[in-house]
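S.K.: Got a predicted structure plus its sequence, pasted below:
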Amino acid sequence: MPPCGPQSLSTSARAWRGQFRFVLLAFGFAACAAGAALLYVSCERTIYTWDYATYWTKALSALAAIRSLFVAKERAIAQPQATSTAFPLGSETSEQVWIEVDPIDAIYRLVISVIQSIWFEDYSDLPLLPLLPLLLVIGAERAAYVAAIILLYVSFVVWSLYYALCALQTAKRAPAAGALLVPPLIVSAIPLFWAPILRGLLDVGAVALNLLAIAAYFRTPFENISLKRFVAVGIILASAVLFRRYNAFFLVSFIMVIAGEALAHGLAGGAPSRRSLIAAMAKPLVTAAAAGSVLALVAPPFLWRALTIDYADLYSAFRFHGSALEHLALMRATVGDATLFAVAMACAVTLRRKTSRRLACALIAQAIIIFLLFNRTQTFAFHHFYLFMPAALLLTSLALLEILARLRRRSAHLVVIGGLAVFALGQAWVVFAPKGKATSLWEHAAHLFPDPLYPPLVRHDLDAMAKLYAAVDQALEHMDGSAKFYVLSGSWTLNEGHFRPFAVRPPLVFRSAHRLLSSHVLDKTDGFPNRLLRAELVVGGTPPGGWQKASFVLHLPWEDLTAATGIGAAFEPIGTLTGFENGLEVTLFRRIRPNTDAEVAELSHRLRTIYPDRPEIFAPREDPTR
């Protein structure tokens, strides 16, 4: 293995050659994984929605906006008298339909849009920006988009893991070939690392940032860490939070671990002085101050919300567990016993070694803190396990390097590495194969693999969806050009995401995406359904979906529409479509008159009865911009 460590990484030409060689290896591994992802996506037949579509549709919209600037420049050259350029509408035909705006204003609006997303949106545009140059070259259709995530962010994670292993100086005895292969092998052997990527999420990029923060902190003993290093750690951790909001749990837990180590260091060596304790505890405060300063400078509204909002109450709809033990059981099923066993063995190996014990103790303690904090807020979804991924990747890599270091024969190295590769491929086949391809193996050892599995997404009701799109288009064509429609359904089978701009791809066609009003689905986050009161057409499904005890803003209006009472008295049904998955029936309602104040007040009263402590949220209000 090339010389590793703080000094050799910066001064040794051999170390730089090793780093460059591994960069090529990491990118080659990512290219192979991207090829497998292309095959995976080619098996999908679906309409992507909600989390699976958020960043993809953002990418499509951003690329259309960027391309419009180049088209506008060409037009300006051809027409010297022109004083404005084109900017795209956010619809399926956005590249052919144009609005005249000032060129400087177009760029300004793009920049402001990114800033606003960082300030106010849970899914900010920041993770998407590094992908845009690559997407401009290879395109942004679904397969290319997923491949771009892997080429950029997975290669970044693999390199960050290798860099962390070198910086921690815990693998000097491992053979070079084994050391180079360990990071990609470990990454490929954890199915939950890949599942969010194949579903279109960009969150994996934050894993690389968190790995770099760990490497920056643990590369030297606590007493030798400079204040600049503590500042750097805070900046990196804050960057991960800006990348994806829930990394705030990683930030807080890591600072708590640093504080614990600082306290232990200050108390070591007999009776400590007040000065030594203050000096030790000041270091984690420096990290916290650096992280807070970055967040306050880049995203002050987000920081204010994070400090003032009770997220446990706001996201209570996403708590699907009762006790902490129930939550642990759900997490065990989500991860699978095979991965859990491997991580547990890695913890035992790294705790046994003196050189890795400090790191192992800290990462295990951090994992416990993350669980305790997150358990109070909501249940872990599959992408939230990225909070544990830096610890899992590092500890398993260190354990494997220790095993390789103890094996003197190269043939033994090949057996271990080959066995891990076969294990990774076997897990991938079971977890990601199309439905029915690996059913028998999963049924005989279901507890070993993640539950649920993640086969390619396939819908069997695309013909019914095509008829629904045509029906909505036709209904809106007979209305005023400013008429909007609203989707009163919150299930995976039907929700507003199925109608958003850029979500409907060929061969399906939907021309009215730009007339969609955003739906209110969750009571505490979305509030009173003001936008429903502005809709001329309502698309609803039976059953309406959503969350049983947290989507009354969805269920109560649907009851009114189906019974033609309350706010539903202002609508009439114009048709029902069947043939959808899960037995869903879709009905279209056309507005025949405005809602009266009494009808709106009656719905508000019913919501206030359910949530007596939320009168400011569940009261009607003017909402012209949303």
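M.R.: Nice, thanks for sending it over.
S.K.: Quick one: the strands in the stretch 1-150 of the chain, in order.
M.R.: Applying DSSP state E, counting those that start in this stretch to the stretch 1-150 of the chain gives strands spanning 85-88, 98-101.
S.K.: Check these for me: which has the lowest mean pLDDT.
M.R.: Lowest mean pLDDT within the strands of the stretch 1-150 of the chain: strand 85-88, at a mean of 34.
S.K.: Other residues contacting stretch 488-499?
M.R.: Applying Cβ atoms under 8 Å, 6 or more residues apart in numbering, the contact partners of stretch 488-499 are 47-50, 53, 461, 465, 469, 472, 485, 487, 503-504, 510, 512-513, 516, 518-519, 521, 532, 538-541, 543-547, 551, 554, 557-558, 561, 580-582, 584, 586. Placement of C-beta: from N, CA and C, glycine included.
S.K.: out of those residues, which are inside strands?
M.R.: Judged by DSSP state E, the contacts of stretch 488-499 include 485, 487, 516, 538-541, 543-545, 586 as members of strands.
S.K.: Just name the shakiest helix or strand of the protein by mean pLDDT.
M.R.: strand 85-88 (a mean of 34; mean pLDDT, DSSP states H and E).
S.K.: Count residues in the vicinity of the residue lying closest to Ala280 once chain neighbours are set aside, would you?
M.R.: Closest residue in space to Ala280, ignoring its immediate chain neighbours: Gly266 at 3.5 Å, by Cβ to Cβ, 6 or more residues apart in numbering. Neighbour count of Gly266, defined by other Cβ atoms under 10 Å: 20.
S.K.: from memory Gly266 sits against Ala282, does it?
M.R.: No - using Cβ atoms under 8 Å, Gly266 makes no contact with Ala282, being 10.1 Å away.
S.K.: can you redo the ones in strands among the contacts of stretch 488-499 as CSV with distance to Pro196?
M.R.: Shown next, in CSV, are the ones in strands among the contacts of stretch 488-499 (distance: Cβ to Cβ, whole Å):
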residue, distance to Pro196
Phe485, 31
Val487, 25
Leu516, 26
Val538, 33
Val539, 29
Gly540, 30
Gly541, 27
Pro543, 28
Pro544, 27
Gly545, 22
Val586, 30
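S.K.: Adding neighbour count, distance to Phe618 and pLDDT as columns, could you present those in CSV?
M.R.: As requested, these are exported to CSV (neighbours: other Cβ atoms under 10 Å; distance: Cβ to Cβ, whole Å; pLDDT from 0 to 100):
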residue, neighbour count, distance to Phe618, pLDDT
Phe485, 23, 23, 96
Val487, 27, 20, 95
Leu516, 25, 23, 94
Val538, 23, 20, 96
Val539, 25, 23, 96
Gly540, 23, 20, 93
Gly541, 23, 23, 90
Pro543, 15, 22, 86
Pro544, 23, 18, 86
Gly545, 23, 20, 83
Val586, 24, 27, 95
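S.K.: Does the residue nearest to the spatial centre of the chain belong to a helix, a strand or coil?
M.R.: In the chain, the residue lying closest to the centroid (Cα atoms, centre = their mean) is Asp203, at 4.1 Å. The three-state label given to Asp203 by DSSP: H, G, I helix; E, B strand; the rest coil is coil.
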